[in-house]
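> requesting a structural model of the entry that follows:
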Amino acid sequence: MIGTTGDREIVDWRKTTEDGETVYEIEYDGPAPTLTGRSKSLFGASSGGTVPAGEQYYQLPDGEEIAATEAAFEADGHTLRVRRQRSLVARLRRYLPW
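Just a heads-up that it's a prediction; the model follows:
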């Protein structure tokens, strides 16, 4: 889950909507983590092996999950903003009949 580390705790969070997209604003008791997302192909799991990009996700405070390939982050002081940023391919699939 985003925010669960040994050196910082979530103080407050809220779910808002901007331009029709859901945005999570997560406030920490210290500086917000700088997240950049995970590799869009594969990454090495700590137990060995790999996890396909389609199975990587971030879990948000309310339990919603966002695919790691679709997550966008903005850190500002103690606040982390998380939004879903769908790939161009995912957006095209919504409109094309294939």
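
> so for stretch 65-84, mean pLDDT?
For stretch 65-84, the mean per-residue pLDDT is 89.

> enumerate the positions of it that are buried.
Buried residues in stretch 65-84, counted by 16 or more other C-beta atoms under 10 Å: 66-73, 75, 79-84. Yep, even glycine has a C-beta here, placed from its N, CA and C like the rest.

> do the same with stretch 19-29
Val23, Tyr24, Glu25, Ile26, Tyr28.

> taking the residues you listed together, which two end up most distant?
Val23 and Tyr28 (16.4 Å; C-beta to C-beta).

> if we can go back for a sec, what's the closest of the buried residues of stretch 19-29 to Leu35?
For the buried residues of stretch 19-29, the closest approach to Leu35 (C-beta to C-beta) belongs to Ile26, at 10.6 Å.

> the closest one belongs to a strand?
Yes - looking at Ile26 with DSSP: H, G, I helix; E, B strand; the rest coil, it is inside a strand.

> can you pull out the strands in the protein?
10-18, 21-28, 42-44, 50-52, 57-59, 65-67, 71-76, 79-84 (DSSP state E).

> dump those to a markdown table, plus distance to Leu35.
Output for the strands of the chain, formatted as a markdown table (distance: least, C-beta to C-beta, whole Å):
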| stretch | distance to Leu35 |
| --- | --- |
| strand 10-18 | 14 |
| strand 21-28 | 11 |
| strand 42-44 | 14 |
| strand 50-52 | 17 |
| strand 57-59 | 8 |
| strand 65-67 | 11 |
| strand 71-76 | 4 |
| strand 79-84 | 7 |
